[in-house]
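In: my questions concern the predicted model and sequence given below.
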Amino acid sequence: MAKPLKHIFVCTQSRGPGHPRGSCSQSGCGEVLDEFMFEFQKRNLGEKFRLTMTGCLGPCNGPHVLVYPEGVMYGPVLKEDVAAIVDEHLLGDVPVARLCVPPEIWG
């Protein structure tokens, strides 16, 4: 297995109903993850990129997606946004500015 060009993390954190921080699972992260998996399979991206579901990435108004090595975080991400992330960021090397979280997220 070759080293991936980029690694995509999709938050799938689940917290119980009424939790003060909420969770990406309550915001549709399953659909976002499924759409990434669909795009990876359809375009045969698994040899160049790695896709991983993860726990909390920090902010809790997701779903959030984090792309390394650049450290670009997107959120909230909808299923309909996945193709733009794949086309523009993964394949085109240009982050999708309209989906990027504000810089202060990183504190």
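Out: Looks like it arrived, so ask away.
In: so where do the strands sit in the protein?
Out: Under the criterion DSSP state E, strands of the chain are mapped to 6-11, 49-54, 65-68, 72-74.
In: reformat those as a markdown table; add distance to residue 34 and mean pLDDT.
Out: Where C-beta positions appear, they are placed from N, C-alpha and C, glycine not excepted. A markdown table is the format used below for the strands of the chain (distance: least, C-beta to C-beta, whole Å; pLDDT from 0 to 100):
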| stretch | distance to residue 34 | mean pLDDT |
| --- | --- | --- |
| strand 6-11 | 10 | 94 |
| strand 49-54 | 11 | 94 |
| strand 65-68 | 13 | 96 |
| strand 72-74 | 16 | 95 |
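In: save the ones you listed as JSON lines, and put in distance to residue 83 and mean neighbour count too.
Out: Shown next, in JSON lines, are the strands of the chain (distance: least, C-beta to C-beta, whole Å; neighbours: other C-beta atoms under 10 Å):
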{"stretch": "strand 6-11", "distance to residue 83": "13", "mean neighbour count": "22"}
{"stretch": "strand 49-54", "distance to residue 83": "14", "mean neighbour count": "16"}
{"stretch": "strand 65-68", "distance to residue 83": "13", "mean neighbour count": "20"}
{"stretch": "strand 72-74", "distance to residue 83": "13", "mean neighbour count": "22"}
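In: could you export these as a markdown table, including distance to residue 41?
Out: Shown next, in a markdown table, are the strands of the chain (distance: least, C-beta to C-beta, whole Å):
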| stretch | distance to residue 41 |
| --- | --- |
| strand 6-11 | 14 |
| strand 49-54 | 10 |
| strand 65-68 | 18 |
| strand 72-74 | 21 |
